[in-house]
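Asks: Below is the sequence, then the predicted model.
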Amino acid sequence: MTRADRIKALLIRELQPSRLELLDESGRHIGHAGARPEGETHFALIIASHKLSGLSRVEQHRMIYDLLASELKSGLHAITIKTEIT
């Protein structure tokens, strides 16, 4: 299973999103800190979930980063997050 597959599966299980887009942007970061030749180090996420409702943007991002803690410890270097409320 790829890192992208693991991230998607985790976010689907935990946040039950109505929209989930995950784009591997690692190719745009070649030569930057945390980049690896095999990729899957830098992602862009767009997610819509009712479970984010009522939370500030900081709280939403913190929730997502907490969910991704093991991926961040094992090679995920950066993820940009755009949230939408449903």
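Replies: Yes, it's here.
Asks: Help me confirm that residue 54 is found in a strand?
Replies: No. Counting by DSSP: H, G, I helix; E, B strand; the rest coil, residue 54 falls outside a strand, being coil.
Asks: helix/strand/coil for residue 45?
Replies: Put simply, residue 45 is strand when judged by three-state DSSP.
Asks: separation between it and residue 70?
Replies: Per C-beta to C-beta, to the nearest Å, residue 45 is found 16 Å from residue 70. Glycine gets a C-beta too; all of them are placed from N, C-alpha and C.
Asks: and the two? which has more neighbours close in?
Replies: Neighbours per residue (other C-beta atoms under 10 Å) separate residue 45 from residue 70, with residue 45 holding more: 20 against 10.
Asks: Now that the more buried one has come up, it's in contact with residue 79, right?
Replies: Yes. Applying C-beta atoms under 8 Å as the test, residue 45 and residue 79 come out as touching, 5.6 Å apart.
Asks: where do the contact lists of the two overlap?
Replies: residue 64 (C-beta atoms under 8 Å, 6 or more residues apart in numbering).
Asks: buried set for stretch 41-52?
Replies: The neighbour-count check on stretch 41-52 (16 or more other C-beta atoms under 10 Å) flags 41, 42, 43, 45, 47, 48, 49, 52 as buried.
Asks: Once you drop chain neighbours, what's closest to the fourth one?
Replies: Using C-beta to C-beta, 6 or more residues apart in numbering and skipping the chain neighbours, the partner closest in space to residue 45 is residue 81 (5.0 Å).
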